[in-house]
Every structure is written in structure tokens, then in C-alpha cells.
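**Q** return atomic coordinates for the entry below.
(2 chains)
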Amino acid sequence: MAIAHTPHPDLPPPMTSVGVVGWLRRNLFSTPVNTILTLGALYILYLVLPPMINWALLDADWTGTSRDACSGEGACWVFIRLRFLHFMVGFYPEAELWRPVIVFGMAGLLLLYLLLKKLPYKGRVAGFAIFGFPFIAFFLFYGGVFGLPVVETHKWGGLMLTLILSTVGMLFALPLGTLLALGRRSSMAIPKALSVVFIELWRGVPLITVLFMSSVLIPLFMPEGVRLDKLLRALIGISLFQSAYMAEVIRSGLQSIPKGQYEAADALGLSYWQAMLLIILPQALKTVIPGIVNTFIELFKDTTLVLIIGLFDLLSTVQASFTDTKWLGFSAEGYIFAGLVYWLFCFSMSRYSHYLEKKLHTGH
Amino acid sequence: MKNKPTGQINPECSIAVELTGVHKWYGTFHVLKDINLTVHRGERIIICGPSGCGKSTLIRCINRLEEHQRGVIRVDGIELDDDLKHIEQVRRDVGMVFQQFNLFPHLTVLENCCLALVWVLRKPRKEAEAIALDYLERVRIVDQAYKYPGQLSGGQQQRVAIARSLCMKPSIMLFDEPTSALDPEMIKEVLDVMVDLAQAGMTMLCVTHEMGFARTVADRVLFMDSGEIIEENDPESFFSNPQSERTKLFLGQIL
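**A** Sure, this is the predicted structure:
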């Protein structure tokens, strides 16, 4: 005789194990020690956060035209607002400001086009961005053509200089680093020896030494009368230095590719370069996106070192403004502003890299 | 028809692969000892033997994935030496299927097959895709053409790997334990493809433990041990009447 089975109804879980309450119990109050730590952390936040928010936002002065607008109770963002242009472009003459503005506008549009999905002709746009745009940017910045007055490179500064140094550094570091990594893994003696020497040399000295040497020693070796532009020297130094770091990052990616991939490529009759460009490098670079972006972020922040050769990037422009006698004592605001700008760029690069990793993931 | 030493592929050459007095060392380890083998066009050779006997090394020498140190290897009449041109020509006519499939994970199935057609044979993309889809159809996997290898099962991946090699229209196919990494249910689908290939007249050298397949398809079965070819015979005689003690021992273990 069959007994009819009534299925057990689905009941909701106990209130304290799901939702916000459940999360709190599991993560913050799970054991007595954790509970004490949570309460301690909350207390510290209570001590620190309200004064910070008061100083930075609620009591701060945002508008004004001079020192008098700063009451001294909160942060004086007036200082930043008045100096904003200077922080952005350094000593670039005001009359010619439209030129950097055009360059950054174009750069922003190009970047937006390349980053947004589903837009056509990305390959051509990328090709233009890498090979054509830098020349346009250079001629607009420097001038000397089409009747544009020349603006010497020592007048370039602020965020503009930081971006120039980092972008050029990145554009050279990636391809040069790839070549060095391939060279180091080569079975041929000369490319391998050259790569090893290059990498160990440029990686073995601090960037500050590289910049110092490039600025002070190179002119000693140049023939009479030949003066290499200081910014150019810095760009060369930074590019070579970062290529060495990038080479090792990429080499780690190359090493992670199973031997079978190389063999399958060989068995199909692909040449060395075809195998590298079509099969090995796409996989290797995808694997080391975190390492590459890490190196780029490091490069972005290393540009602050150009101060020692007399170039004024964002940080040193901000620091230089502290010496203005009218605005003494606002270094906190200055550093916070500089820190925020650096953080914004670095965080954007980080987020983009996560997006890229997700997009390129093909389930293996 | 004798071998032409000019380095051109000679399709009328009736000897597809010829190994004469081939020795190979890995450092001091003597892995191939005096290998002599002649494979005629259209022949299906199965190579079996215990692990480490050098059977994979042997077939990998045929498309120069491994280099031999002594002896002569001729494929389609072309001698395999350090001349890159010879290696290139041999690799265009010899296809290889690996135990670990070795599909390119960042490309779709169709792109995997088209890659060599476009970049090595310089065919236009449309033509390459048509050829690739045709071969994917023959291995019965054309409905997965736009998927990535990571989304396929082992048996499906191996069939794609076979199609990828076939797209280059090689006259010789090498198989290095093609079903050893597969679950039992998937072995049959791959073997079916290989049987079809054999029946269509492809010259095949296959390293495998699948003795049923050997009996169905092989013209000759070779038994190797410790780098030497111990016994060589047609499948009937090989399985029913092995001559050497070592062969008998091996067959006793696997059958």
C-alpha cells in the first residue's frame, strides 16, 4: 500500500543568518575577539572621521580670490582653485594655453573611443593614437611650425608634464620590454647576452641615478655645441629604465605558456615571429596584465623624481607653490590635492585593467 | 621513385618517411638507438611500447620537434637537417596531433583552424574559413565552430585538433597518443575520426595504446622498447604470434 508523500515546504532561513544581520554576525561579530576588534575599530573611526570630514569638507573654504578668504578653521581649497592652472600646465604661457587644451581634449576623445565598446575601426584609431597622435601633440606643445611660437620644454610642467613623461614611457616600455624578454629567452647567444646586460644594468640602478646621470653625464660625452633637450634626456632615461622592468614582467608571462603551444605552432609551420605575435604573446600578455599595469602605475608615480634634474612635474609644481610668501602654511591642502590626482589616475588604470582581464577571459 | 635531393616536395615519391640509422641522445641518455624505418605513402603504422621507450621521440623527430644527432631522416624525399627551408617544407606536409591537444585557447575553434591557412599558406580569409568549416564538418564538430577551446570537452578538443592539422592538407599525419588524455566515453569519437582518415588513404604514424584501433586500421605494428624497434609485423601476425619475449610480455600486460 503506497503512502502519499507530501513534500516538505520550503521554509525561509532563520532571520539572523541572512541579509544584513547575517552578514554582520558572520563578518564582524563572529567571535568575542572579533567583536572587541569591531568595537575598537568603530571607536577609532568615531575619533578620526568626523574631525577629518569637518576639516576637509564642512568647515572648508571653497570660494574666494585671495588669502583672506581662508578663515583657518577648515581646509583652504581656495588655494588649490587659484593655483589650479599652474598645477595643470606648469609655466606654459597663458596666451598659448589653447594648445595643451586641444592636445588633452584630443587625447581624451581618443581614449574614450578606444575604451567604449562596439565602436568601429578601433584598430585604425589605435594605430593613429600610437603612431600619429604623438607627433601632432609634440608640434602643438612645442610650436615652431605654422607660425606657432615656440614654448621651450623647460616651461612645461604640472600634470601635463607628468602625463607626457608617463605616456611616452609606457609607449616605449611595452614594445621594448617585449623584445628584451624575447631576447633573454632566445637560444641565440648574442640577443640573449645583449638582453641580459641591458636588463640587469637598467634594473640595477635607482631611477633617480638614471635621471641624474642622463642629465649630467650625457652632456659631457656629447660633441661640442650639441645639447640634448633636458626633457628628452629624462624621457630616454625613464623609457629605458621601465623597459627593463617590463621585460621581466613579460618574461614571466612567456614562461607560463605551456611548451605545447610552441610545439603546436611549430608543427603547423608558423615561423618564429608568426608564432610569437599570433599565439604566444597574446596569451602571455593577457596573463601578465596585472604585472604590466603595476609597472605602468609605478612609472606614473616615478615621474615625480624628475625634480632632481630641474623639471617640474605635478608634485614639484605643487611643492614649489608652497614657497609663495602669500600662501604659506597650506601644504596639507596641496599634498592632499596632488595625492588625489595621482590616486585618480592610478585607480582608473587599475579599474581598466580589471575590465580588460574580464573581457579577454575565454574560459581557460 | 627515388628521392630528389633538391628540397622540393615530391608527391610522386612513394616513400613518405624514411629513417636510416637514426640515433638520438638527450644529454648522455641514449633515447633512440639505430632506428631504421621506411613508411610508404598510404601506409598506416602503429607504434606501441612501454613508457619511456622513445616512441614519442621517434615521431617528433619526423617533423623536427626533436633533433636527431646521427643518421638520416627523409620526409617526402627532403632530408631533415639544420636547413630551415627543409624543416619548413616538411612541416607543411606533415600534420601532428598531440596528446594534450594544444589548441590555442585565446582563439575560437574556427580561428584555430584558419590560422595556419591564412598565415602560412597565405589564403584569403573567406577561402580559409570555407576550408576550415568543411574539415570541422568532417570531424562532426562544425556546430562548435565559434566556441573557445576552453568550452569544449576533451574529445571535442581533440577532434578540433585533428581538423586543424587536416586543414593544411598534409599527406602525412603523426599522432602522439591522441586518446591517452581522454575519458573512456570520448575515446571512441576520436578513434572514429582517425579510422575515417585511415580509410581515406592518409599516411599515418600513430603512437597509441589502443590495440583495437591498431587491429582495425594498421598496415604494420611496431613494438619499441628502450629506444629500439624490437618487432615489426602486420597486425594479425603481431597480435596472434609475437616473436620476441619482450613483445609477448608487453602484450600480456595490455591485452
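
**Q** show me the helices in the stretch 101-250 of chain B, by range?
**A** Remark: helices assigned in the stretch 101-250 of chain B by DSSP state H, counting those that start in this stretch are B:109-119, B:125-138, B:154-166, B:184-199, B:211-217, B:235-240, B:245-254.

**Q** pull the residues that contact stretch A:318-325.
**A** Stretch A:318-325 has contacts (CB atoms under 8 Å, 6 or more residues apart in numbering or on different chains) with A:83, A:86-87, A:307, A:312, A:327-328, A:330-331, A:334-335, A:337-338. Backbone N, C-alpha and C define where each C-beta goes, glycine included.

**Q** which of those count as buried?
**A** Neighbour counting with 16 or more other CB atoms under 10 Å in any protein chain shown marks A:83, A:86, A:87, A:307, A:312, A:327, A:330, A:334, A:337, A:338 as buried within the contacts of stretch A:318-325.

**Q** out of those, which one sits closest to chain B?
**A** Checking those against chain B by CB to the nearest CB gives residue A:338 as the nearest, at 39.8 Å.

**Q** could you pull up the residues touching that closest one?
**A** A:87, A:314, A:315, A:318 are the contacts of residue A:338 under CB under 8 Å, 6+ apart.

**Q** any chance of the contacts of stretch A:318-325 in JSON lines with secondary structure, distance to residue B:252 and pLDDT as columns?
**A** Converted to JSON lines, the contacts of stretch A:318-325 look like this (DSSP: H, G, I helix; E, B strand; the rest coil; distance: CB to CB, whole Å; pLDDT from 0 to 100):
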{"residue": "A:83", "secondary structure": "helix", "distance to residue B:252": "89", "pLDDT": "84"}
{"residue": "A:86", "secondary structure": "helix", "distance to residue B:252": "89", "pLDDT": "87"}
{"residue": "A:87", "secondary structure": "helix", "distance to residue B:252": "84", "pLDDT": "90"}
{"residue": "A:307", "secondary structure": "helix", "distance to residue B:252": "80", "pLDDT": "89"}
{"residue": "A:312", "secondary structure": "strand", "distance to residue B:252": "83", "pLDDT": "91"}
{"residue": "A:327", "secondary structure": "helix", "distance to residue B:252": "94", "pLDDT": "77"}
{"residue": "A:328", "secondary structure": "coil", "distance to residue B:252": "95", "pLDDT": "78"}
{"residue": "A:330", "secondary structure": "coil", "distance to residue B:252": "90", "pLDDT": "80"}
{"residue": "A:331", "secondary structure": "helix", "distance to residue B:252": "86", "pLDDT": "83"}
{"residue": "A:334", "secondary structure": "helix", "distance to residue B:252": "85", "pLDDT": "88"}
{"residue": "A:335", "secondary structure": "helix", "distance to residue B:252": "81", "pLDDT": "91"}
{"residue": "A:337", "secondary structure": "helix", "distance to residue B:252": "82", "pLDDT": "91"}
{"residue": "A:338", "secondary structure": "helix", "distance to residue B:252": "79", "pLDDT": "93"}
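
**Q** looking at chain A, which helix or strand is least sure?
**A** None of the helices or strands of chain A scores lower by mean pLDDT, DSSP states H and E than helix A:218-221, at a mean of 76.

**Q** which helices and strands does it pack with?
**A** Counting contacts by 3 or more CB pairs under 8 Å, 6 or more residues apart in numbering or on different chains; DSSP states H and E, helix A:218-221 packs against no other helix or strand.

**Q** what about the helix or strand following it, average pLDDT?
**A** Per DSSP states H and E, the first helix or strand lying C-terminal to helix A:218-221 is helix A:230-255. Averaging pLDDT along helix A:230-255 yields 93.

**Q** list the buried residues for helix A:230-255?
**A** The neighbour-count check on helix A:230-255 (16+ other CB under 10 Å) flags A:230-231, A:233-251, A:253-254 as buried.

**Q** can you list the residues of chain A near chain B?
**A** Within chain A, the positions near chain B by CB under 8 Å from any CB of the partner chain are A:258, A:260-261, A:263-264, A:266-271, A:274, A:278-279, A:282-283, A:286, A:360, A:362-364.

**Q** run a quick neighbour tally on the residue of the stretch 151-255 of chain B found nearest chain A.
**A** For the stretch 151-255 of chain B and chain A, the shortest gap (CB to the nearest CB) falls at residue B:151, measuring 5.5 Å. By the measure other CB atoms under 10 Å in any protein chain shown, the count of residues near residue B:151 is 14.

**Q** let me know the helix or strand that the residue nearest to residue A:145 when sequence neighbours are not counted is in.
**A** For residue A:145, ignoring the flanking residues on the chain, the nearest one in space by CB to CB, 6 or more residues apart in numbering or on different chains is residue A:139 at 5.4 Å. Using DSSP H and E, the element containing residue A:139 is helix A:133-142.

**Q** residue ranges with poor pLDDT in the chain?
**A** Using chain A. For chain A, applying pLDDT under 70 flags the ranges A:1, A:363-364.

**Q** try chain B instead
**A** Looking at chain B by pLDDT under 70, you get B:1-12.

**Q** which residues of it lie near chain A?
**A** B:63-65, B:88, B:91-92, B:94-96, B:98, B:100, B:102-106, B:115-116, B:119-120, B:148-151, B:164-165, B:168.

**Q** contacts only, for whichever residue of the stretch 1-150 of chain A sits closest to chain B.
**A** Proximity of the stretch 1-150 of chain A to chain B (CB to the nearest CB) peaks at residue A:123, 14.9 Å away. Residue A:123 sits next to no residue when contact means CB under 8 Å, 6+ apart.

**Q** state the three-state secondary structure for it.
**A** Following DSSP: H, G, I helix; E, B strand; the rest coil, we place residue A:123 in the helix state.

**Q** over to residue B:24?
**A** Under three-state DSSP, the three-state class of residue B:24 is strand.

**Q** partner residues bridging it?
**A** Beta-bridge partners for residue B:24, by DSSP bridges, are residue B:32.

**Q** ok, it - how many residues close by?
**A** The tally of other residues near residue B:24 (other CB under 10 Å) stands at 22.

**Q** touching, it and residue B:68? I think so.
**A** Yes: Residue B:24 is in contact with residue B:68 according to CB atoms under 8 Å; the separation is 4.7 Å.

**Q** overlap in contacts of those two?
**A** Contacts common to residue B:24 and residue B:68, judged by CB under 8 Å, 6+ apart, are B:32, B:61.

**Q** spatially central, which residue of the chain would that be?
**A** Let's take chain A. Here the mean C-alpha position of chain A is nearest to the C-alpha of residue A:297 (CA atoms, centre = their mean), at a distance of 3.5 Å.

**Q** meant chain B, my bad for not saying
**A** Centroid check for chain B by CA atoms, centre = their mean gives residue B:174 as the closest residue, at 0.8 Å.

**Q** how about that residue, what does it touch?
**A** So residue B:174 contacts B:59, B:60, B:62, B:63, B:94, B:95, B:96, B:97, B:204, B:205, B:206 (CB under 8 Å, 6+ apart).
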